[in-house]
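Asks: need the 3D shape of this:
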Amino acid sequence: MKAIIIQERIEEFQSTCREQGLRLTPQKQEIYRVVASTDSHPTAQEIFEEVKNAFPKVSFATVYDNLRKFKELGLVQEMNCGEGCSRFDANMSGHHHVIDRSTGKIMDVILPANQSIPLPKELEGSAIKEIKITYIV
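Replies: This next block holds a predicted model:
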């Protein structure tokens, strides 16, 4: 992943935390850095395991609570992959995902701007705020 993208994400994270009055503790920064530094869409457990390398006394609850807060602030998105599995993504640009069930890998997909997504009739007239598509292969 490009260092400039990671740095931009971290700067946005720091700015948002300051604006929202959220303390920028070293643990919070490390939790966010782990998510922002990968496009592998890690689970909370995977994030916890990596953060523990830098902060051996950090608890899973601390990691999980901070991920929830980051989600509330629009700094990460949580993907429900089914079967009780959630993954986290710091890429907040408009994109979709492909989940490969055989490998467990999740990939980002950006649809061409000229490609429209048809809406079900049940949604006609609704104010659509966001469309997220997950392709499962």
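
Asks: how far away is the residue nearest the centre of the chain from residue 118?
Replies: Among the residues of the chain, the one closest to the centroid is residue 89, at 1.9 Å (C-alpha atoms, centre = their mean). Using C-beta to C-beta, to the nearest Å, one gets 25 Å for the distance from residue 89 to residue 118. In short, each C-beta sits where N, CA and C put it, glycine included.

Asks: same check, this time on residue 53
Replies: Computed as C-beta to C-beta, the residue 53 to residue 118 distance reads 46 Å.

Asks: and for residue 47?
Replies: From residue 47 to residue 118 the distance is 36 Å (C-beta to C-beta).

Asks: more neighbours: which of the two?
Replies: residue 47 (24 against 6; other C-beta atoms under 10 Å).

Asks: the residue nearest to residue 47 when sequence neighbours are not counted: neighbour count?
Replies: Take residue 47 and drop its neighbours on the chain: the residue closest to it by C-beta to C-beta, 6 or more residues apart in numbering is residue 34, 5.1 Å away. Residue 34 is flanked by 22 other residues according to other C-beta under 10 Å.

Asks: try residue 70
Replies: If we define neighbours as other C-beta under 10 Å, then residue 70 has 24 of them.

Asks: quick one: contacts for it?
Replies: 13, 31-32, 35, 76 (C-beta atoms under 8 Å, 6 or more residues apart in numbering).

Asks: could I get these as JSON lines with pLDDT and neighbour count?
Replies: Putting those into JSON lines (pLDDT from 0 to 100; neighbours: other C-beta atoms under 10 Å) gives the following:
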{"residue": "13", "pLDDT": "95", "neighbour count": "24"}
{"residue": "31", "pLDDT": "97", "neighbour count": "30"}
{"residue": "32", "pLDDT": "96", "neighbour count": "27"}
{"residue": "35", "pLDDT": "96", "neighbour count": "28"}
{"residue": "76", "pLDDT": "95", "neighbour count": "25"}
